[in-house]
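Novice: everything below, folded, please.
(one chain, ligands or ions: 1)
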Amino acid sequence: MSSDRHVIVVGAGPGGLAAAARLHERGSGRVAVTLISPGLRATFLGGTLEVALGDQEPAAFTAAVDLAGVRCIDAAVSAVAPDGVALDGERLAADAVIAAPGLAVDAESVPRWSRALAAWDPHGAWRLRERVLDLPAGRVLVAITAVPYRCPPAPLALAVGLAGRHLEARHAVRVTVATPEPVPLAGVGGEAPAFVSDACAAAGVTLERGFVPDLDASADGVLRATDGREISYDGAFLVPVHRRAVCLEGLPGPGPLVAVGDRGSVDGSLLYVVGDAAATGLPRAAGFASGAAVAAADGALESLGIAPAPPPPALEASCFMFHHGRAISRIGVRYAQDGPSVRIDGPSRDLWPARAGELRRFLEAAGAGGSGPTAAG
Ligand SMILES: Cc1cc2nc3c(=O)[nH]c(=O)nc-3n(C[C@H](O)[C@H](O)[C@H](O)COP(=O)(O)OP(=O)(O)OC[C@H]3O[C@@H](n4cnc5c(N)ncnc54)[C@H](O)[C@@H]3O)c2cc1C
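Specialist: Next comes the predicted model:
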């Protein structure tokens, strides 16, 4: 490579894609950028809901990664350090590393039951649909097995969406959503906790709070909590336990998350961890991952003497809920220097273009196009 410096980006989610684009854009031709991700496919995880609700197929939410000016390597990184990464038994040296491998979902954390499946991505949701969508009668359960998990409103949005679909299909299905959190979305704040609780009530969804599943004490068709409560079900969609990505093993931090400092730096070094894998106190959301990645890329460029870092951008993210009658609502969260703010829009059918725009921007960031989901699915 003829460039002065080499920066490696790990992962092709919103974090990795934003970091690679920013490094290329502001690197002034002096930084060679390498992005490494298994399969070199980017997945819009938010599409899990549209797939589970029968509106779309998983292919609508993935794109091949093809970034102008960035060398892309199809591989899984096994270890990261400030001066390079390990992959396929080899070492690739760098002047800085930005790691955004997200969180690994542990499907094996849930026993092999016939009525319940654990998944939390569009392909997993495709396998799960028949258990929770095609049921003509009975009880459907959406349960979060452990915290932290990705996108706090998403399981509640899924439960509300499933209730609407069963109502439309005239199924005699009741939907329950169980969360270990005493107050869902307390970490998001503002009107968000009341909004999701009200949305569940309006959709006829039973909300079980503070329900910490005891998977060892549970069985196929009944989920038990550590406090003795139990929920019987005919079909269940379980959000699996989230674990730390293998390449981040050994780094400091609580549970699956890596402790980070300014701009995502680990111990003040030129190794940055951003996105879902970083212990930032923020909810796990795409906009936060990409904003933190931009801040990390700017920090790396400044530390390498390439360009002074502008102030970190305000962090913004949106999550959508799917209501009866194909209306959707948006929970928008913004963290700026003057503090966090929450904005709720809808429910309205007019918000579908906003949802489609999020998907389109993600696919474009991966190097592809896409029209995104519509109200008609
Ligand atoms: C069901 C669901 C619904 C969601 N809905 C929303 C929503 O509506 N709005 C919102 O803002 N957010 C939503 N999110 C959250 C959002 O998708 C995540 O916060 C975001 O994707 C995190 O980005 P990331 O780059 O940190 O990690 P990820 O998106 O998880 O990307 C990680 C990347 O790293 C790669 N990788 C993993 N391990 C390695 C390795 N060892 N070596 C190399 N590469 C590796 C992966 O293949 C992947 O490409 C949702 C998430 C889920 C699961």
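Novice: tell me which residues touch the closest residue to Arg229 other than its chain neighbours, please.
Specialist: On the basis of CB to CB, 6 or more residues apart in numbering, the spatially nearest residue to Arg229 that is not a chain neighbour turns out to be Phe211, at 6.3 Å. To be clear about C-beta, it is placed using only N, CA and C from the backbone, and glycine gets the same treatment. Residues counted as contacts of Phe211 (CB atoms under 8 Å, 6 or more residues apart in numbering) are Ala143, Ala178, Thr179, Pro180, Ala225, Arg229, Ile231.
Novice: mind checking how far Phe211 is from the ligand?
Specialist: Using CB to the nearest ligand atom, to the nearest Å, Phe211 is found at 19 Å from the ligand.
Novice: SS state for that residue?
Specialist: coil (DSSP: H, G, I helix; E, B strand; the rest coil).
Novice: what about the closest residue to the ligand within the stretch 101-250 of the chain, neighbour count?
Specialist: Across the stretch 101-250 of the chain, the shortest distance to the ligand (CB to the nearest ligand atom) belongs to Gly102, at 2.2 Å. For Gly102, the neighbour count with other CB atoms under 10 Å is 22.
Novice: next up, phi/psi of it, please.
Specialist: phi 70, psi -160 (degrees, to the nearest 10).
Novice: what's the answer for Val80, then?
Specialist: In terms of degrees, to the nearest 10, the main-chain angles of Val80 are phi -120, psi 150.
Novice: per-domain residue ranges of this protein.
Specialist: Recorded structural domains for the chain (assignment: automatic domain parsing) are 5-102+245-312, 105-242.
Novice: what sits closest to the residue nearest the centre of the chain if chain neighbours are left out?
Specialist: Using CA atoms, centre = their mean, the residue of the chain that lies closest to the mean C-alpha position is Arg150, 4.5 Å off. With CB to CB, 6+ apart as the criterion, Arg150 has its nearest non-adjacent residue at 4.3 Å, and that residue is Arg284.
Novice: now His166
Specialist: If you skip the residues right next to it in sequence, His166 has Val173 as its closest partner in space, 4.0 Å away by CB to CB, 6+ apart.
Novice: secondary structure element holding that neighbour?
Specialist: Using DSSP states H and E, Val173 sits in strand 172-178.
Novice: what's downstream of that strand, the next helix or strand?
Specialist: Moving toward the C-terminus from strand 172-178, the next helix or strand (DSSP H and E) is helix 192-203.
Novice: show me how far that following helix is from its chain's centre.
Specialist: How far helix 192-203 lies from its chain's middle: 21 Å, per CA atoms, centre = their mean, to the nearest Å.
Novice: what ranges do the helices span in the stretch 51-200 of the chain?
Specialist: When assigned using DSSP state H, counting those that start in this stretch, the helices of the stretch 51-200 of the chain occupy the ranges 122-132, 154-168, 192-203.
Novice: just send the ones you listed back as TSV, with mean neighbour count, mean pLDDT and distance to Gly47 too.
Specialist: Putting these into TSV (neighbours: other CB atoms under 10 Å; pLDDT from 0 to 100; distance: least, CB to CB, whole Å) gives the following:
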stretch	mean neighbour count	mean pLDDT	distance to Gly47
helix 122-132	20	91	5
helix 154-168	24	97	11
helix 192-203	19	97	20
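Novice: which of those sits closest to Gln56?
Specialist: Nearest to Gln56 among the helices of the stretch 51-200 of the chain is helix 122-132 (8.1 Å), distances taken as CB to CB.
Novice: quick check: angle from the closest one to strand 172-178?
Specialist: Per axes from the mean of the first three to the mean of the last three CA atoms, to 10 degrees, the angle that helix 122-132 makes with strand 172-178 is 130 degrees.
Novice: who are the packing partners of helix 122-132?
Specialist: The contact analysis (3 or more CB pairs under 8 Å, 6 or more residues apart in numbering; DSSP states H and E) places helix 122-132 against helix 47-52, strand 116-118, strand 235-239.
Novice: can you show me the helices along the stretch 201-350 of the chain?
Specialist: 286-303.
Novice: about what we covered before: dump the helices and strands packed on helix 122-132 to TSV, plus mean pLDDT.
Specialist: What follows is the helices and strands packed on helix 122-132, written out as TSV (pLDDT from 0 to 100):
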stretch	mean pLDDT
helix 47-52	96
strand 116-118	91
strand 235-239	96
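Novice: follow-up on the earlier one: tabulate the helices of the stretch 51-200 of the chain in a markdown table, adding columns for distance to Ile98.
Specialist: Rendered in a markdown table, the data for the helices of the stretch 51-200 of the chain read as follows (distance: least, CB to CB, whole Å):
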| stretch | distance to Ile98 |
| --- | --- |
| helix 122-132 | 25 |
| helix 154-168 | 25 |
| helix 192-203 | 30 |
